[in-house]
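[1] compute the structure for the input listed below.
(2 chains)
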Amino acid sequence: MVIFYLKSCGMNKKIATMDIIGLLARLLAGGVFIYAGFLKAAAPAEEFAYAIETYSVIPAGLSMFAALAVPWIEVYLGVFLAAGVFTRYAALSICAMILAFEGLLLQAIVRKLPVTSCGCFGASMNNSLGYEFSQNLLLLALAAIAWKYGGRISIDSMVESHD
Amino acid sequence: MAVLMLRQSSLAPSRPSPDFRTFGPKDAPIQIYEYTDLACPACRSAEAHLTKSLQLYKGAVRVNFKHYPLSAIHPWSFLAASYADCAGAQGKFTEYAGLLFENQEKWAQAGAKPGEFAAAAVLLKLDIPALEACAADPKTARRVKLDMAEGDLRGVNATPTFFINGKRAVGGAQFLDQVKKFDILLSRIKN
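    Predicted coordinates:
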């Protein structure tokens, strides 16, 4: 089944190790984003809005809008990345989102804001900001690898090989 | 669709709180259920807003205070809730909770059982042996756990969480947003 899939992606040539690593990075990064986005989308938006408010960056009026939009953006980007559709754009967008999250976390750490829940995986997770910052760096690395090497074994390459 | 329904679901009925932590007339048009952790700094700031709202809309608002100790991050919250309820049994819930809020930094992350619980009782001239017996009583713990279970069923994950006529508000800022609409809400009810 795997060989059929790889062949249909135009993979008659030998698969490079980096292609496999790229695929795994794509699946991991995409999976994490789907999971994180779904947790926030399934919870009341008011909770995520509250987490956003604690960062004291976005005006309170916009926090609810962000709380409604961001989880779904995460889910869709995660699906695109994991499935290998618009792979490079999805990976770049995810990298941009992670960088934005890191900016928020860093300013909260520097300003010593009383943020009890990062909000990254819903309001129920209570990891420290430092932990979340480090975790996001790992995710950023995975997304970068997915951007560079994740396109070879993907629906994108399957479509391209049939064109 | 499933996600939206999940988000809106609340499986728990609105069970009234014991009398000593219920404020306002029973038939008030605005019913507020507040899930709070006595060790939570955000809850302390929100309490001031809640008190002002009660004063401003006297007669039109009823507040049911519910315990929702976040024991994972505040190790003494559950015990604080029990002591507060036992102070309530002696008629001093508001004053006792107020003292615990005021001294949060001293007891919230204490390594051993905080002395603030007894100190507050002495300050309020409570019957200390009765307070201690009540705090150790399984019925007191059960009452706090029931509040927590109700909060879980209503999807409470953060404190303070308010339900204002069924509408959720998390944190002081969202609560104030809802308070701004009280006049409109009350005029709609009158008409």
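[2] how many residues are close by residue B:84?
    Counted with other C-beta atoms under 10 Å in any protein chain shown, the neighbours of residue B:84 add up to 30. Every residue, glycine included, has its C-beta placed from N, CA and C.
[3] likewise residue B:26?
    Neighbourhood size, residue B:26 [other C-beta under 10 Å]: 8.
[4] please report how far it lies from residue B:141.
    In this view, residue B:26 and residue B:141 are 27 Å apart by C-beta to C-beta, to the nearest Å.
[5] got it, and residue B:94?
    When residue B:94 is compared with residue B:141 (using C-beta to C-beta), they lie 21 Å apart.
[6] try residue A:158
    Residue A:158 is 59 Å from residue B:141, where distance means C-beta to C-beta.
[7] just residue A:22 next, same as before
    Distance from residue A:22 to residue B:141, counting by C-beta to C-beta: 53 Å.
[8] which one of the two is surrounded by more residues?
    residue A:22 (25 against 16).
[9] and residue B:34, which of the three is it?
    Following DSSP: H, G, I helix; E, B strand; the rest coil, residue B:34 is assigned to strand.
[10] quick one: contacts for it?
    Residue B:34 is in contact with B:50, B:63-66, B:160-162, counting by C-beta atoms under 8 Å, 6 or more residues apart in numbering or on different chains.
[11] helices - which of these land there?
    The members of the contacts of residue B:34 that map onto helices under DSSP state H are residue B:50.
[12] helix or strand for residue B:72, which one?
    Using DSSP states H and E, residue B:72 sits in no helix or strand.
[13] what about it, how many neighbours?
    Neighbours of residue B:72 under the rule other C-beta under 10 Å: 9.
[14] look up phi and psi at it.
    Main-chain torsions, residue B:72, degrees, to the nearest 10: phi -60, psi -30.
[15] in chain A, what spans have low per-residue confidence?
    Applying pLDDT under 70 to chain A flags the ranges A:1-14, A:116-119, A:122-126, A:163.
[16] quick one: contacts for the residue nearest the centre of it?
    Among the residues of chain A, the one closest to the centroid is residue A:33, at 3.8 Å (C-alpha atoms, centre = their mean). Taking C-beta under 8 Å, 6+ apart, we find residue A:33 in contact with A:74-75, A:77-78, A:81, A:94.
[17] got it, and residue B:167?
    Residues near residue B:167 by C-beta under 8 Å, 6+ apart: residue B:178.
[18] same check, this time on residue A:32
    Residues near residue A:32 by C-beta under 8 Å, 6+ apart: A:78, A:139, A:142.
[19] sitting in helices, which of the residues you listed do you find?
    If you go by DSSP H, the contacts of residue A:32 have A:78, A:139, A:142 in helices.
[20] can you pick the most crowded of the residues you listed?
    residue A:142 leads the ones in helices among the contacts of residue A:32 on contacts (other C-beta under 10 Å) with 27 neighbours.
[21] wait, that residue touches residue A:22, no?
    No. The criterion here is C-beta atoms under 8 Å, and residue A:142 misses it with residue A:22 at 9.9 Å.
[22] give me the distance between residue A:44 and residue B:43.
    18 Å.
[23] my bad, residue A:100
    Counting by C-beta to C-beta, the gap from residue A:100 to residue B:43 is 29 Å.
[24] helices of the chain, residue ranges please.
    Answering for chain A, as no chain was given. With DSSP H as the criterion, chain A has helices at A:2-8, A:17-42, A:45-53, A:60-83, A:87-110, A:129-149, A:155-162.
[25] my bad, chain B
    For chain B, the helices defined by DSSP H occupy B:2-8, B:41-56, B:77-89, B:93-102, B:104-107, B:116-123, B:128-136, B:138-153, B:171-179, B:182-190.
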